[in-house]
Every structure is written in structure tokens, then in C-alpha cells.
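*Asks:* Generate a structure from the sequence data that follows.
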Amino acid sequence: MSRRAWAWGVPAAVLVLAALGWFYATSTPRYALYRLGVAMQRHDVASAERYFDVERIADGATEVIVADYFARQPEPTTAAELFGRQIAGNMAKRRLRPQVVTRVRLEIRRSVERAGIQVTALVLPVGAVAVFRAFEVASDGPDVWVTYRDPAQGPVRFRMSRQADRGWQISEFDPEWVRRRAQEEPARIR
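*Replies:* This next block holds a predicted model:
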């Protein structure tokens, strides 16, 4: 191979490898968490909200809230009572879901607006190294479960899912975390 071919081939190969590496790095859940942390640091609610699948989060939280309510009720003794409980559960989910959607959006807004200002706000690590050190990411099929320890709220665990546009969004919070948030602070819906 001639010297001229090496002079053009090596930089081109390095450039292609760098582009592929950058494409891979920006398509990971850690990069989405990094961008979410940057949005929170800038107090940019609109940018931060893009990293949350509000509808799926609300669906999961509604399921947890309704299931917890029925778990505290006496077990049905007849088929009619069981059928009635299923109907009541479905109605409760339909009635509760819009309120939970509003609450999720409110929590996102509050967390972003208070990031770095109040101790009670959700705190995400900012910076490439911090994202790798603070978050534990475990694969769960096509999704991942992310775990980290928030200084104010303690352990936080959530599911992230890849969206059609190849970006990652938070799509579900751990049921225990949902229960804690529901008990700690009643919904303040505007």
C-alpha cells in the first residue's frame, strides 16, 4: 500500500470509528439521563419532559394506586362481588388516570424548577462521569431498569424504554416509589 493511501485511509477510518462511537454513545439510556440532568440543571421544563413518557407512567401509577386500594378491602366471596370489584376497579382507573397524568406533569415541572434550589427536589447527577458512577442500569428485555440514590428521596428505581425515534424515555416508576410518593404528599392538582 502506498504512503498516500495510508495518509488518507487512517484518518478516514478514525473518523468513521469516532462517528460510530458517537452514534452508539448518544443512543444509550445513560446519554438520555445525562441530557435529562442537563435540562434539569438549566431548569428547562419542556426539554426535561421529553425524557418522560407521561402516559405510560400514569398508567402504571394508576394500576398501583387502585390495586393498593382493593388490597385493603375485604376479599370478594361470590362471583358477583368479584365481577363488581373488576367493574369498580376499571371505573376507578378511568376516573383516576387524568388526575395522575396531571400529577406526573406537575411533579416533573416541580422537580425541574426546584433542581439545585431545594433539598426536596429530585436531584439527577450532571456530567458524563457522574452519570456512569451514579446510575445502575440493568437490562430487562428491550427496556432497562435504572436505580440510583437520590439525596432527598432515597432510592429511586424506574424503567426506561426506547421510543420509535430511538430516544429513551422514563416509562414507569417502581411501585414502591409510587406508593411512597402517594403517601408522603397528597396530590395537588391545579
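*Asks:* The most centrally placed residue in the chain sits in which helix or strand?
*Replies:* Centroid-nearest residue in the chain, with Cα atoms, centre = their mean: I170, separated by 2.3 Å. Taking DSSP states H and E as the definition, I170 sits inside strand 168-173.
*Asks:* Run through who's touching that strand.
*Replies:* 28-29, 31-32, 50-53, 56-57, 60-61, 143-144, 146, 156-163 (Cβ atoms under 8 Å, 6 or more residues apart in numbering). Backbone N, C-alpha and C define where each C-beta goes, glycine included.
*Asks:* Could I get the pLDDT score of V100?
*Replies:* We have a pLDDT of 91 for V100.
*Asks:* wait, I meant V10
*Replies:* At V10, the pLDDT value in this model is 67.
*Asks:* P74 too?
*Replies:* pLDDT for P74: 90.
*Asks:* In three-state terms, label it for me.
*Replies:* Using DSSP: H, G, I helix; E, B strand; the rest coil, the structure places P74 in coil.
*Asks:* That one and E81, how far apart?
*Replies:* Distance, P74 to E81, by Cβ to Cβ, to the nearest Å: 9 Å.
*Asks:* more crowded one of the two?
*Replies:* Regarding P74 and E81, a neighbour count based on other Cβ atoms under 10 Å identifies E81 as having more, with 12 against 7.
*Asks:* Distance of that one relative to F70?
*Replies:* From E81 to F70 the distance is 12 Å (Cβ to Cβ).
*Asks:* re earlier: tilt between the helix or strand that the strand holding I170 is followed by and strand 168-173?
*Replies:* The C-terminal neighbour of strand 168-173 among helices and strands, as given by DSSP H and E, is helix 175-184. Going by axes from the mean of the first three to the mean of the last three Cα atoms, to 10 degrees, helix 175-184 is angled at 70 degrees with respect to strand 168-173.
*Asks:* Before I go, just wanted to say thanks for your time.
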